[in-house]
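# my questions are about this predicted structure, shown below with the sequence.
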Amino acid sequence: MELGLQNKVALVAAASKGLGYGVARALASDGAKVSICSRSADEIEAAAKKLADETGADTLGTACDVTDPKDIETWVKRTVEQWGQIDALLVNAGGPPAGYFKEISDEQWQAAFELTLMSSIRMINAAIPHMTGGGAILTITSSSVREPVERLVLSTVMRSGVVGLVKTLADELAPDGIRVNNLIPGRIDTDRVAHLDEGTAKRLGISFEEARERSLKNIPLGRLGTIDDFGAAAAFLLSPAASYITGATLQVDGGMMRSV
Ligand code: NAP
């Protein structure tokens with residue numbers, strides 16, 4: 001099936017590695033021009049070059065901390081100056097820290113609000129004036145929006161706000177031809193998941209391998225997902241091939257979530 005992404009312009013946030021990079025690679029492989037960002041200038045420039053080498057696509061790498069509104073403006077402006085429009089936006093950022101409710105300070109709540117919810121609002125606000133030909137927005141949340149995960153209270157609370165935003169914008173932006181959806185990664189093999197497994201192993205006094213084995217028992221397909229598994233689903237939802245899908249939350253989790 002053709003996704004119809006040839007020459008479309010895509011913004012992909014937090015994409016020097018991990019899920020963002022997987023989504024950028026899937027979009028670029030289908031012919032999109034892809035503008036990626038993350039905080040480290042060196043890392044994002046290297047990632048943009050690697051992306052171009054791997055896919056042959058036009059790519060742009062910009063240093064941007066998505067908690068900084070000025071950085072977001074600069075990233076979007078640079079992309080539009082280069083390619084004239086925006087057709088697709090992947091909203092993404094690093095994850096907030098883990099911890100039980102009683103351990104979380106006011107400052108950590110405020111930082112998670114800026115990192116997860118305000119960054120989503122600001123990226124969407126900055127992109128939509130340039131989505132004049134319609135397009136698609138996709139957010140990344142977590143299974144915690146369906147079922148709270150132990151020690152991920154910051155993620156659960158802030159990402160639930162993102163899902164509310166997606167449902168609201170699916171209504172409000174439909175007249176402009178802009179679709180808005182949300183994707184839930186289960187356990188996709190990235191540095192973030194390795195870091196969480198290391199934390200679990202340390203807390204329970206078990207090895208990293210044992211922590212990972214335990215988590216695999218909860219995944220019917222019996223393995224972690226790859227960034228390409230995730231990228232394929234994201235590229236579809238961001239493409240014209242998904243033209244009648246908006247306001248949806250889909251999981252890419254190997255069957256991990258049991259909720260109906
Ligand atoms: P990752 O492998 O750690 O990659 C994170 C990426 O985000 C890096 O490119 C990092 O680059 C960038 N980044 C972090 N903070 C940023 C900021 N403030 N502004 C701009 N870029 C930033 O993580 P991941 O696994 O891809 O996760 C991506 C998101 O999905 C996270 O919010 C995570 O919690 C969520 N998630 C992931 C999974 C999973 O299975 N992997 C499951 C549930 C939820 P710099 O450090 O250079 O900025």
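Arrived safely.

# tell me the secondary structure for the closest residue to the ligand within the stretch 51-200 of the chain?
Closest to the ligand within the stretch 51-200 of the chain is Gly95: 2.3 Å, counting by C-beta to the nearest ligand atom. (Glycine included, C-beta is placed from N, CA and C.) The three-state label for Gly95, taken from DSSP: H, G, I helix; E, B strand; the rest coil, comes out as coil.

# what element comes up after the longest helix along the chain heading to the C-terminus?
Longest helix of the chain, by residue count under DSSP state H: helix 153-173. The first helix or strand that comes after helix 153-173 along the chain, using DSSP states H and E, is strand 178-185.

# show me what that next one is packed up against.
Here strand 178-185 is seen to pack against strand 135-140, helix 153-173, helix 227-238, strand 249-252 when contacts are counted using 3 or more C-beta pairs under 8 Å, 6 or more residues apart in numbering; DSSP states H and E.

# how about the shortest one and the ligand, any contact?
Spelled out, it's strand 249-252. No - taking C-beta under 6 Å from any ligand atom as the criterion, strand 249-252 and the ligand are apart, separated by no less than 8.8 Å.

# got it, and the third one?
No - in this structure, helix 227-238 remains apart from the ligand according to C-beta under 6 Å from any ligand atom; the gap is never smaller than 7.4 Å.

# give the other helices and strands that that helix contacts.
Secondary-structure packing of helix 227-238 (3+ C-beta pairs under 8 Å, 6+ apart): helix 18-29, strand 88-91, strand 135-140, strand 178-185, strand 249-252.

# mind giving me the packing neighbours of the second one?
The contact analysis (3+ C-beta pairs under 8 Å, 6+ apart) places strand 88-91 against strand 9-12, helix 18-29, helix 119-127, strand 135-140, helix 227-238.
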